[in-house]
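Q: Give me a 3D structure for the following:
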Amino acid sequence: KQTCSWLRTFLESLEAMNKFVCAAVLVALLACAEAGVFFRRVGEPEDWSLHARANPTSTIKFRVALKHKEGSVAELERRVLDAADPDSANYGKWMSPSEILDLIAPEAAVAKRVASWLQKAGCSNVDASGRDVVKAEATIDVVEALFKVEMWHWKHAKSAAVRVAHFGTLVIPDEFDNVIELISGVSELYGPSKIKPVRREAVQSAFAQGGLGNDVSAGYVIPAVLRNIYGLPSTFWVSTAASICVAEFQDDASFAQSDSTYFNQQMLEKIPSNVKIVGPYDPTNPDGESTLDVQYAYSIALNASAWFWTVDGWMLEFATDLFNAKTRPLVVSMSWGWPEPKQCQIDTQQCTNSETYVQRVNTEFMKITGTGVTLLAASGDQGAPGDSNPNCDSTKTPISTIFPGASPWVTSVGATQLAPNTNADKPQVYNQPACQSYKCATSTQEQVCTYPDALITTGGGFSDYVAVPTWQSAAVQGYLSSGVTLPPAKYFNSKNRGFPDVAALGHAYLIAIQGQLEQVDGTSCSSPVFGAVVSLLNSYRQDNKKTPLGFLNPVLYKMATAAPTAFNDITTGSNKCTESCCAKYGFTATKGWDPLTGLGTPNFSAMLNYVKTLP
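A: Alright, predicted model coming up:
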C-alpha cells in the first residue's frame with residue numbers, strides 16, 4: 001500500500017500525452033486504487049457460509065493494533081530473555097508496563113491520531129490509553145462506513161455458531177499505512193477453538209477395567225492423586241501475593257460455585273469461594289472447561305489468590321487487556337488453542353495475516369511475561385495430526401501446530417496417563433468420599449497420553465512460524481539426533497520452536513459438575529495443574545522477598561540440565577493419534593525432551609530445591 005496523491009496530481013497535466021503513456025499511467029493508478037486495501041475476503045472460508053447481512057444498529061467491539069517502533073521489539077526480547085536467564089546478573093528484574101511501552105510503543109501522537117479518526121467516524125468508547133492498541137465500539141453501519149466494507153452474519157457448518165465478520169474489501173486511510181499493524185474484531189471467523197476436555201460418565205469401582213478404549217483400570221485422578229505422584233504439598237505456606245488464574249475465551253460459559261462446593265465435599269479440598277472474576281460471568285449453565293480449570297488449578301495451588309478471567313474475543317483481546325490491567329495474576333493457564341495457520345479461520349488464498357496475528361500476539365505475550373507473569377497453555381488434544389487433520393486422512397497437512405500452545409512465550413503443557421497397576425488388588429489409600437464410589441489411582445508410572453486408551457492424544461510438534469529459541473535449541477537438537485523415527489521432513493519444520501515444554505496427567509480426572517462426578521480428559525487438565533505448581537514455587541520466592549518466576553521457560557530448561565530429577569522423564573508412547581483415530585505420522589517419546597511431553601512431569605521437591613538456588 002502506498003499513498004498515491006502524487007499520481008493524481010500528475011494526471012492533471014497528462015491531457016497532451018499519447019494513448020500509450022496514458023495507458024501506462026492508468027495501470028499505475030489502478031494499482032494505487034488498492035493502496036488503502038487492508039484486507040480482502042472474496043469467498044466463503046472453509047466451513048463458513050454467508051447467512052444474512054448484520055443488523056446495522058447492533059454494536060461490535062474491535063481493536064486497532066499499532067506498529068511498534070522500529071527495532072524496539074527485538075530490544076524488548078533481549079531484555080526479557082536477560083531477566084529470565086538464571087545466569088544473568090539481571091535475573092528476575094522484570095520491567096513495569098510503562099517501561100515496556102516507553103520502549104516499544106509509537107509516539108503518543110500516533111495513537112491520538114487513530115483515536116481521533118475513529119471518534120470522528122462515530123465510534124464510541126474509544127480508548128487509546130494502551131498506547132500501542134486502540135479499543136473502540138461502533139454500530140454496524142458505522143463500521144461499514146469506516147472501513148468501506150459489508151458486515152455479515154456467518155454460520156459455521158459444524159458447530160452452528162453464528163459470528164459477525166466482514167465480506168469484501170476492508171479499507172483504511174492511506175495515512176495509516178505505516179501505523180496500523182492489525183485490526184481485530186472485524187474480520188475473524190473463529191472455529192471451535194476450544195481444546196475442549198472430553199467428558200464421560202465416570203465408572204464406579206466395581207466396573208473399572210482395562211481394554212480397548214478409555215482404559216480407567218489404573219483409577220481416576222483427583223487432587224490427592226496428583227499430590228501423591230508429583231510430591232505436591234497438601235499443606236504449604238502460600239504467600240498472600242501468590243496467585244493463579246484460568247482464562248476462558250469467546251464468551252465461554254462459566255463455573256458454578258455449587259459445583260465447587262460439591263467438589264470440596266467429595267475431594268476434601270478447600271478451593272476458595274472468593275474468586276476474583278474479570279469479564280463476562282454466568283454460572284447458570286456451567287461449562288466443563290471452566291469447571292475443570294477452576295477445581296484443579298485452585299485446589300493444587302492451595303490458598304493462592306484465585307482469578308477467573310473471561311473474554312468474548314480471542315488472544316489479542318485477552319493479551320492486551322491482561323497487560324493493561326491495573327493488577328494482574330502472576331500465573332495464567334489457557335486451555336484453548338487452534339492451529340497457527342488458522343488463527344483467522346479464513347481461506348488461505350484470501351488471507352495472509354494469520355502469521356501477522358500470531359506474531360503480534362507473541363509480542364503481546366512477551367510484554368506480559370516481561371512484567372513477571374508466567375503464561376501456560378495446553379498443547380492440544382489431537383496429537384501430532386492436530387485440528388488440521390482430526391480425521392487422520394489429510395495428505396496436505398498430516399501434522400499441524402497449535403496456538404497459543406506453540407508460542408515461545410508460554411510454557412506449553414502436554415499430557416500423560418497412568419500405566420495400569422501392576423498389582424490390581426492394591427488397596428485404596430485415599431479417604432476422600434469420591435474414592436469410596438470410584439477407584440482412585442494408586443499407580444505412579446506415567447506414559448504418553450494417547451487414544452484409544454485415553455479419550456485424547458497429547459498434542460506436540462513444531463511451530464510453523466517461530467524459530468527455535470536459544471533456550472530450547474540444545475534440547476530440540478538432542479531429540480532430532482536421538483535416532484527416533486521422525487515424520488517426513490516436509491511435514492514439519494525441525495528448525496522451529498518445539499512444543500510442549502512440560503507435561504502433567506491428562507487422563508481420567510474426576511470433576512464435580514451439575515451435582516455429579518464426571519470423567520474428563522485433556523491437556524485442559526494438565527495446563528492448570530502445572531500452572532498451580534508454578535504458583536506454589538512463586539509463593540516460596542515471594543515469601544523470601546524475591547521476584548516472581550515470570551517468563552519461565554529458560555529456567556525450566558536449565559533446571560532439567562542442572563537438576564534432572566526435577567522432571568519425571570516420559571519415554572514411552574507416541575502422538576500419531578487424535579481423539580478418534582490414528583494417523584500415519586506422529587512423534588515418538590524418548591529420553592530427554594520430546595515433542596509429546598516436553599521435559600517431563602513435575603517432581604515438586606526437586607523443583608523447589610532448584611528454585612531455592614535462584615537469585
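
Q: how about residue 78, phi and psi?
A: phi -60, psi -40 (degrees, to the nearest 10).

Q: That one and residue 85: what is the separation?
A: 11 Å (CB to CB, to the nearest Å). Just so you know, the C-beta spots here come from the backbone N, C-alpha and C atoms, and that holds for glycine as well.

Q: And residue 146, by the same measure?
A: Computed as CB to CB, the residue 146 to residue 85 distance reads 45 Å.

Q: same deal with residue 341?
A: Remark: distance between residue 341 and residue 85 (CB to CB) = 31 Å.

Q: In the top strand by length along the chain, which residues are buried?
A: Under DSSP state E, the strand in the chain containing the largest number of residues is strand 162-171. Across strand 162-171, burial judged by 16 or more other CB atoms under 10 Å covers 163, 164, 165, 166, 167, 168, 169, 170, 171.

Q: do the same with stretch 276-283
A: Buried, per 16+ other CB under 10 Å, within stretch 276-283: 278, 279, 283.

Q: Would you mind giving the residues you listed as TSV with pLDDT and secondary structure added?
A: Shown next, in TSV, are the buried residues of stretch 276-283 (pLDDT from 0 to 100; DSSP: H, G, I helix; E, B strand; the rest coil):
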residue	pLDDT	secondary structure
278	95	strand
279	92	coil
283	90	coil
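
Q: Helices along the stretch 51-200 of the chain, start to end?
A: Assigned by DSSP state H, counting those that start in this stretch, the helices in the stretch 51-200 of the chain fall at 72-84, 97-104, 108-120, 140-147.

Q: Could you check what's spatially nearest to the residue most central in space within the chain, not counting adjacent residues?
A: Geometric centre of the chain, nearest residue: residue 404, 3.2 Å, by CA atoms, centre = their mean. Distances taken as CB to CB, 6 or more residues apart in numbering place residue 377 nearest to residue 404, at 4.5 Å, with adjacent residues excluded.

Q: Kindly confirm my reading that that neighbour is in a helix.
A: No: counting by DSSP: H, G, I helix; E, B strand; the rest coil, residue 377 falls outside a helix, being strand.

Q: related to what we said a few turns ago, neighbour count: residue 146 and residue 85, which is higher?
A: Using other CB atoms under 10 Å as the criterion, residue 146 and residue 85 rank with residue 146 on top: 22 against 18.

Q: Might one say that residue 239 is in contact with residue 546?
A: No: between residue 239 and residue 546 there is no contact, the gap being 10.6 Å when judged by CB atoms under 8 Å.

Q: thinking again about what came up before, from the helices of the stretch 51-200 of the chain, which stretch is densest packed?
A: helix 140-147 (a mean of 20; mean count of other CB atoms under 10 Å).

Q: Centre of the chain to that helix, how far?
A: Relative to its chain's centre, helix 140-147 lies at 31 Å (CA atoms, centre = their mean, to the nearest Å).

Q: what angle do that helix and strand 162-171 make?
A: Following axes from the mean of the first three to the mean of the last three CA atoms, to 10 degrees, one obtains 30 degrees for the angle between helix 140-147 and strand 162-171.

Q: Next, the angle from helix 140-147 to helix 108-120.
A: Using the same axes, to 10 degrees: helix 140-147 against helix 108-120 is 130 degrees.

Q: and helix 140-147, what does it pack onto?
A: strand 59-66, strand 150-156, strand 162-171 (3 or more CB pairs under 8 Å, 6 or more residues apart in numbering; DSSP states H and E).

Q: which one of the buried residues of stretch 276-283 sits closest to residue 53?
A: residue 279 (29.0 Å; CB to CB).

Q: Got phi/psi on that closest one?
A: Phi and psi for residue 279, reported as degrees, to the nearest 10, are phi 100, psi -170.

Q: Look up how far residue 313 lies from it.
A: Counting by CB to CB, the gap from residue 279 to residue 313 is 10 Å.

Q: what does residue 181 give?
A: Counting by CB to CB, the gap from residue 181 to residue 313 is 17 Å.

Q: what number of residues lie near residue 228?
A: By other CB under 10 Å, neighbour count at residue 228 equals 18.
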